[in-house]
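got a sequence here, can you model it:
(chains A and B)
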Amino acid sequence: MNVRSGRDRAAIWLGVGALLSLVFLVLKRELHFVDIPDAGIPVVVVLGLLAIAGGRLANRALTVVAGAGFLLAAIVQLILHANGNSLANGSNGSTFGLWLGLGFGLLALAVTPQQRTDSPEGM
Amino acid sequence: MNTSSTMRAVDVRPASRLDRALLAVVRIGLGFLWLGGASWKTPPDFGGLRDWTGAAVKYPVFGPYSWLVEHLVLPNFLVFAWGVLLVEASLGGFLLVGLGTRFWALVGMAQTMAITLSALRAPNEWPWSYFLMLMAHFAIFATAAGRYFGLDGVLRPAWRQSSSRLARLLVRAS
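Here you go, the predicted model:
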């Protein structure tokens, strides 16, 4: 049976955070912190659910896929945005930054070697 | 020597869960602030950023910085602009998830100083907004805010047990 560690719980939280970022589709004006393009909605849903599954199943491979996916999505978004591609309509540097953070965060959780006792420092 | 006097400030855990949660709010808030900054740096021409960068020359705050902007930054504006976009987006992303927080707090201080030296004397600016930005980065650096509800707190125990160079760097960066 897989036992969930602190980093598995963190992967779940990053997945939940990714899904929660969709709230910026409806929050406007002062609380509109991040732009999510229409084409990015399925990206966020699929990769967010993958991150949650990776954490819940304590499956590092799923977490790697989710992290690499967000990193790839960030790079593709930036290239499309710079070239004025319609797929990037409604996105900008905030989209890139959010996905970059989620990508590196999930990859760090997945690839950092397990320590002997897995107790987080500051929760 | 007294053990408590040798304890570094960042090794002292905030007293309550509320204290730790408030530090996380400051860190995440700064993350969103930088994402907001990255949102209007728009490639390929970065028009708005060019105007604000020019403010360092038009409304000089510190002579040598204005000279640097005029003779080094503006002639190579696109390279500089891409750098700003990447730095501010990274600041946003890494502070949001709390990864390498102390390192990114230092980057945030440097970027805040650059913005301050460009925009402080521009019309209709509120100087305290820049001073507050700087002080907020002092706070997350001094408290190592990524250790509370952030990935630094989750991964530091593993980094500390590792002898790899990268792990040692990450211990210092977190």
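
for the residue in chain A that chain B sits nearest to, which residues are in contact?
Closest contact between chain A and chain B, by C-beta to the nearest C-beta, is at residue A:101 (2.5 Å). No exception for glycine: its C-beta is placed from N, CA and C like everyone else's. Taking C-beta atoms under 8 Å, 6 or more residues apart in numbering or on different chains, we find residue A:101 in contact with B:31, B:90, B:92, B:93, B:94, B:95, B:96, B:97, B:99.

name the member of those with the most neighbours.
Among the contacts of residue A:101, the one with the most neighbours (other C-beta atoms under 10 Å in any protein chain shown) is residue B:95, at 32 neighbours.

quick one: the helices in chain B?
B:3-6, B:17-39, B:47-58, B:63-68, B:77-97, B:101-119, B:127-142, B:151-161, B:165-173 (DSSP state H).

now distance to chain A too, for these, in TSV please.
Formatted as TSV, those follow (distance: least, C-beta to the nearest C-beta, whole Å):
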stretch	distance to chain A
helix B:3-6	19
helix B:17-39	3
helix B:47-58	10
helix B:63-68	24
helix B:77-97	3
helix B:101-119	10
helix B:127-142	13
helix B:151-161	4
helix B:165-173	8
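
grab the nearest non-local neighbour of the residue minimising distance to the centre of chain B.
Centroid check for chain B by C-alpha atoms, centre = their mean gives residue B:108 as the closest residue, at 1.6 Å. Nearest residue to residue B:108, sequence neighbours excluded (C-beta to C-beta, 6 or more residues apart in numbering or on different chains): residue B:137, at 4.3 Å.

the one you found against residue B:111, yeah?
No - the criterion here is C-beta atoms under 8 Å, and residue B:137 misses it with residue B:111 at 9.0 Å.

about what we covered before: out of the helices of chain B, the one nearest residue A:105 is which?
With respect to residue A:105, and counting by C-beta to C-beta, the nearest of those is helix B:77-97 at 3.8 Å.

run through the neighbouring helices and strands of the closest one.
Packing partners of helix B:77-97 (3 or more C-beta pairs under 8 Å, 6 or more residues apart in numbering or on different chains; DSSP states H and E): helix A:6-20, helix A:93-111, helix B:17-39, helix B:47-58, helix B:101-119.

how does it look with 6 Å?
In this structure, helix B:77-97 packs against helix A:93-111, helix B:17-39, helix B:101-119, with contacts taken as 3 or more C-beta pairs under 6 Å, 6 or more residues apart in numbering or on different chains; DSSP states H and E.

isn't the residue nearest to the centre of chain B right up against residue B:135?
No - taking contacts as C-beta atoms under 6 Å, residue B:108 lies outside contact range of residue B:135: 11.2 Å.

any low-confidence regions in chain B?
Within chain B, the segments meeting pLDDT under 70 span B:1-12.

and if you look at chain A?
Along chain A, segments meeting pLDDT under 70 span A:1-3, A:116-123.

the closest residue to residue B:58 other than its chain neighbours and residue B:112, how far apart?
Leaving aside its sequence neighbours, residue B:58 sits nearest to residue B:122 (C-beta to C-beta, 6+ apart; 7.7 Å). According to C-beta to C-beta, to the nearest Å, residue B:122 and residue B:112 sit 15 Å apart.

between those two, which is the more surrounded one?
residue B:112 (20 against 15).

hmm, back to that, would CSV of the helices and strands packed on helix B:77-97 with distance to residue B:82 be doable?
Listed next are these as CSV, based on distance: least, C-beta to C-beta, whole Å:
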stretch, distance to residue B:82
helix A:93-111, 11
helix B:17-39, 12
helix B:101-119, 14
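
point out the most buried one among those.
helix A:93-111 (a mean of 27; mean count of other C-beta atoms under 10 Å in any protein chain shown).
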